[in-house]
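>>> Using only what follows, build the 3D model:
(chains A, B, C, D, E and F)
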4 protein chains.
Amino acid sequence: MTKIVALALQIVPGDARPIFRQIVDGIREDIANGKLPVGSKLPSVRGLAMQLTVNANTIAKAYNELVCQGLLESHKGLGMFIAKPTQLLSDEAQENCLKAAIASFNNAVMYLDYSAEEMTEQLLNELKKLNRD
Amino acid sequence: MTKIVALALQIVPGDARPIFRQIVDGIREDIANGKLPVGSKLPSVRGLAMQLTVNANTIAKAYNELVCQGLLESHKGLGMFIAKPTQLLSDEAQENCLKAAIASFNNAVMYLDYSAEEMTEQLLNELKKLNRD
Amino acid sequence: MTKIVALALQIVPGDARPIFRQIVDGIREDIANGKLPVGSKLPSVRGLAMQLTVNANTIAKAYNELVCQGLLESHKGLGMFIAKPTQLLSDEAQENCLKAAIASFNNAVMYLDYSAEEMTEQLLNELKKLNRD
Amino acid sequence: MTKIVALALQIVPGDARPIFRQIVDGIREDIANGKLPVGSKLPSVRGLAMQLTVNANTIAKAYNELVCQGLLESHKGLGMFIAKPTQLLSDEAQENCLKAAIASFNNAVMYLDYSAEEMTEQLLNELKKLNRD
DNA sequence: GTGGTCTAGACCACT
DNA sequence: GTGGTCTAGACCACA
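Residues are numbered from 1 along each chain as shown, chains lettered A, B, ... in the order given. Next up, the predicted model:
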């Protein structure tokens, strides 16, 4: 039987990201954390919309993006479920993805008064925290 | 005499970022690289607009953002120049900036088949490369 | 629930400042006065443009500058909101800001028949009035 | 006989003000300081343009503004001279001028982490420095 | 409905 | 020539 989970998502008003993106990111994290194991059933679009007091279209958009990313599966009449992980990206695509992420990070922090070592250490800590949870 | 530089910027239509942001990011990199030393004169708003075949207002918007970030100085009738680097952001703002960059990086690479150590090592290399150039 | 405020801004055609700056300054004052408490929703870009009979782009430019200054938060599809106040500027930047303001004040009042003490006293009163409101 | 003065003006590239304004402000200060007593002859437009390595039109514009302000007198064929001070502003105009200066100062420093007392003290010091020199 | 981006073109201020 | 401001109007992204 599939476990029905309750999401602990938080919509932060001060966050620069649009709401649907906060939801996407939050669910991605929970999957990576293991809080949402494969096969778990997610709250319904309307239910989550009520819980977060946002528009149902916004939830639908977030779920839709996660389906596109291969992280969710929509089972008609049953709901949304965490999909079995399948690595969709080729090695080359992964490499490009990492490079893009590095370039973006670089550009964001390039003029801050932190040493390269300080920043990578903080990043490493966060990365490990994700895997551990 | 101030050196007049030619930018090697490329606008990629398929890029998720808007045009003006691609320009901002590109110039930020070139300054960090040392390709644009302090005092250099940038291409004129209209000139760069022609070169990149975008509207002059778009260039002006990008230049304006860089002025806000303290990287450029604008002088009516003379042009745009690379400013002497100073830290405009408070410690708190810098911290937030780093955290946002880490969260964003995290989210982008979360499902790649790289270990946390591999990724941070590559990142560290890139960060050091910037400082060295 | 967020309060929706009506701005009492006035655009003065004869003013030396450009329109967008008059708007920026006016909103800054209203925030400092406490007329616009944290979380308030501002008039929409198009709505304020109609009210002031200026182009929507001009309003957008003013709002954008206030976002850069950390006084506003923008949320696509929702509107513009008064942000929680934080100090974005480094100590050095703040010092420069004060020095520039002093130099500018100096230059403006240099030939008036007021003593230095009279002027600073009036200024102090105004500064305190702001904090009190 | 009229004394011929050499201006110690400095054009600062990093200054936000346009060049002609830096010249206007600089001369105003020197007059207020007493470095340029009434009747002094100023450098010629072309001469000062050479000295500062700026366009002669820029100097002419600055001189012209100072004539409008009543601080300089142009004697055809002889040159520009420091005018006898005449208070052109009515009491009401002076009051408005001071109020505008205060409002502008206020708006500029409103969000800095300085107390009202700190700021007015620094301002007072600067004002006194001008009168003393 | 909200804000964000971009274009085209005008006019102004400064050098 | 330089940058800055403003308008008018189109199209996109988000809720």
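
>>> any idea which element the residue lying farthest from the centre of chain A lies in?
For chain A, the largest distance from the centre (Cα atoms, centre = their mean) belongs to residue A:113, which lies 29.2 Å off. Per DSSP states H and E: residue A:113 is located in neither a helix nor a strand.

>>> Who are the contact partners of the nearest residue to it once chain neighbours are set aside?
Excluding its sequence neighbours, the residue lying closest to residue A:113 (Cβ to Cβ, 6 or more residues apart in numbering or on different chains) is residue B:87, at 5.8 Å. (Each C-beta comes from the backbone N, C-alpha and C, glycine too.) Counting by Cβ atoms under 8 Å, 6 or more residues apart in numbering or on different chains, residue B:87 touches A:111, A:113, B:94, C:90, C:92, C:93.

>>> These: which two are farthest apart?
Maximum pairwise distance among the contacts of residue B:87 (Cβ to Cβ): 13.9 Å, between A:111 and C:92.

>>> For those two, indicate the residue with more neighbours.
Neighbour totals were compared for residue A:111 and residue C:92, and residue A:111 leads with 19 against 12 (other Cβ atoms under 10 Å in any protein chain shown).

>>> Which helix or which strand is home to residue A:29?
Residue-wise, residue A:29 maps onto helix A:19-33 under DSSP H and E.

>>> elements contacting the lengthiest helix in chain A?
The longest helix of chain A (DSSP state H) is helix A:91-109. Counting contacts by 3 or more Cβ pairs under 8 Å, 6 or more residues apart in numbering or on different chains; DSSP states H and E, helix A:91-109 packs against helix B:19-33, helix B:91-109, helix B:116-132.

>>> Now do the contacts for the residue positioned nearest the centre of chain A.
Nearest to the centroid of the C-alpha atoms of chain A, with distances taken as Cα atoms, centre = their mean, sits residue A:28, at 2.3 Å. Contacts of residue A:28 were listed using Cβ under 8 Å, 6+ apart, and they are A:66, A:69, A:71, B:107, B:110, B:111.

>>> any idea how far DNA strand E is from the second one?
Meaning residue A:69. Going from residue A:69 to DNA strand E by Cβ to the nearest atom of the strand, to the nearest Å gives 23 Å.

>>> Looks to me like residue A:80 is in a strand.
Yes. Applying DSSP: H, G, I helix; E, B strand; the rest coil, one finds residue A:80 inside a strand.

>>> what about it, how many residues close to it?
Residue A:80, neighbours per other Cβ under 10 Å, totals 22.

>>> so it makes contact with residue A:65?
No. Between residue A:80 and residue A:65 there is no contact under Cβ atoms under 8 Å: 12.0 Å.

>>> Now the phi/psi pair for the residue in chain A that chain C sits nearest to, please.
Chain C sits closest to residue A:18 of chain A, with a gap of 5.6 Å, by Cβ to the nearest Cβ. Backbone geometry at residue A:18, expressed as degrees, to the nearest 10, gives phi -60, psi 160.

>>> tell me the contacts of it?
By Cβ under 8 Å, 6+ apart, the neighbours of residue A:18 are C:75, C:76, C:77.

>>> What about the residues you listed, which are in helices?
Using DSSP H, no member of the contacts of residue A:18 falls in helices.

>>> Was I right to think residue A:120 contacts residue B:128?
No. Using Cβ under 8 Å, residue A:120 is not in contact with residue B:128; the gap is 9.7 Å.

>>> quick one, which of those two is more surrounded?
Neighbour count, other Cβ under 10 Å: between residue A:120 and residue B:128, residue A:120 has more, with 23 against 14.

>>> Return the residues in contact with the more buried one.
So residue A:120 contacts B:120, B:123, B:124, B:127 (Cβ under 8 Å, 6+ apart).

>>> For residue A:6, give its distance to residue A:41.
11 Å (Cβ to Cβ, to the nearest Å).

>>> Give me the pLDDT for residue A:130.
Per-residue pLDDT puts residue A:130 at 77.

>>> hmm, back to that, among the contacts of residue A:28, which ones are buried?
A:66, A:71, B:107, B:110, B:111 (16 or more other Cβ atoms under 10 Å in any protein chain shown).

>>> mind pulling up the phi and psi values for the fourth one?
For residue B:110, the backbone dihedrals are phi -50, psi -40 (criterion: degrees, to the nearest 10).

>>> and the gap between it and residue A:48?
Taking Cβ to Cβ, one finds residue B:110 at 21 Å from residue A:48.

>>> one step back: of the contacts of residue A:28, closest to residue C:60?
Closest approach to residue C:60 among the contacts of residue A:28 (Cβ to Cβ): residue B:107, at 28.6 Å.

>>> distance of the closest residue to that closest one other than its chain neighbours from residue C:61?
Setting aside the residues directly before and after it, residue B:107 is nearest to residue A:25 in space (Cβ to Cβ, 6+ apart), at 5.3 Å. Residue A:25 sits at a distance of 30 Å from residue C:61 (criterion: Cβ to Cβ).

>>> Between residue A:6 and residue A:41, which has more neighbouring residues?
Taking other Cβ under 10 Å, residue A:6 and residue A:41 do not tie; residue A:41 has more neighbours (17 against 10).

>>> isn't that one right next to residue A:80, touching?
Yes. Look at residue A:41 against residue A:80 with Cβ under 8 Å: they come within range, at 7.2 Å.
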